[in-house]
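coordinates only, sequence not included:
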């Protein structure tokens, strides 16, 4: 069994309030969950308007598959116009 985890640090340049930030983050997390069947959660920076830290996790039998799915999640986030991907880390356990 392999647990794949990705921590993403995002910058939301157009966010002027927590309400706007939460709208964008909720939209992204729902989209990632539905498209890749992974767990997604906002981990840190909950009270900052223009910064979000997300955690994405997947449990599978194949570490290559976990890496592939998490890489596609990163690609999807990078292609999103409302956020900028500042940093990310992939881990396999």
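Done, it's in. Everything numeric in this text was worked out from a predicted model, so none of it was measured.

endpoints of stretch 38-52, how far apart?
Taking Cα to Cα, to the nearest Å, the first and last residues of stretch 38-52 lie 18 Å apart.

the residue minimising distance to the centre of the chain: what's it in contact with?
Geometric centre of the chain, nearest residue: residue 54, 4.5 Å, by Cα atoms, centre = their mean. When contacts are counted by Cβ atoms under 8 Å, 6 or more residues apart in numbering, residue 54 touches 7, 8, 10, 25, 28, 29, 40, 41, 42, 43. (C-beta placed from N, C-alpha, C; glycine too.)

could you rerun that using 10 Å?
For residue 54, the contacting residues are 6-10, 25, 28-29, 32, 40-45, 73, 77, 83, 88, by Cβ atoms under 10 Å, 6 or more residues apart in numbering.

which of the residues you listed fall in strands?
Counting by DSSP state E, the contacts of residue 54 place 6, 7, 8, 9, 10, 40, 41, 42, 43, 44, 88 in strands.

any idea how far residue 16 is from the fourth one?
In this view, residue 9 and residue 16 are 20 Å apart by Cβ to Cβ, to the nearest Å.
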